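Engineer: Model the following, please.
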Amino acid sequence: MSTTIWVDADSCPKPVRNYLVNYSQKLNLKIIFVANKNIPCENKHPLFSMIITDKENQAADNYIIEHVAEKDIVITRDIPLASLLVQKNIAVINDRGKRWTNENIRERKSERDFALNLSLLGLKTDGKNTYSKKEFSEFANCFDREIHRIIK
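Structural biologist: I've put the predicted structure just below:
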């Protein structure tokens, strides 16, 4: 069984997208981007594909859940999606270099729910929306460790 790299592409930063396509090409791994709209990617190869789902809520997440296999890896920052995948023993990391586990995902989900409640009350939260070189470096290191752990 071959490993496939799945990318929840809606919010995936461009540097991560390009890095993953190049990396998958070097290792001859299939890479599938899933989103409800076309997400541009500069580098493409025969093992690259872009799945465009319906625009309905959670369509891309549901597609990934239905098609991912045991030796695959998923890149997402979507906490509920990551939680479902971790429960299925799928390797999941976010684009900031965090590998999701049952333990840390519960904590992060609680933080997300708290921030959402503050937002619903009209209180601002730290809506950090930048992507730094340090975060990219942490992602690249985490991805390298995880993909080699999976394909060994």
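Engineer: I'd like the next helix or strand past the helix-or-strand element of the chain with minimal mean pLDDT.
Structural biologist: When each helix and strand of the chain is scored by mean pLDDT, DSSP states H and E, helix 102-120 comes last, with a mean of 71. Downstream of helix 102-120, the next assigned helix or strand under DSSP states H and E is helix 133-151.
Engineer: avg pLDDT for that following helix?
Structural biologist: The predicted model gives helix 133-151 an average pLDDT of 95.
Engineer: Show me where this structure dips below the pLDDT cut-off.
Structural biologist: Scanning the chain for pLDDT under 70 picks out the ranges 1, 107-115, 124-129.
Engineer: now do 90
Structural biologist: 1, 10-11, 39-46, 57, 79, 102-131, 151-152 (pLDDT under 90).
Engineer: I figured Leu84 was touching Ile65, is that so?
Structural biologist: Yes. With contacts counted by Cβ atoms under 8 Å, Leu84 reaches Ile65, the gap being 6.0 Å. To be clear about C-beta, it is placed using only N, CA and C from the backbone, and glycine gets the same treatment.
Engineer: and Ile150, what does it touch?
Structural biologist: Thr3, Lys71, Asp72, Ile73, Ala91 (Cβ atoms under 8 Å, 6 or more residues apart in numbering).
Engineer: Between those residues, identify the one with the most neighbours.
Structural biologist: Ile73 (25 neighbours; other Cβ atoms under 10 Å).
Engineer: In contact with that one, which residues are there?
Structural biologist: Contacts of Ile73 (Cβ under 8 Å, 6+ apart): Thr3, Thr4, Ile5, Trp6, Ile90, Ala91, Val92, Ile93, Phe143, Glu146, Ile147, Ile150.
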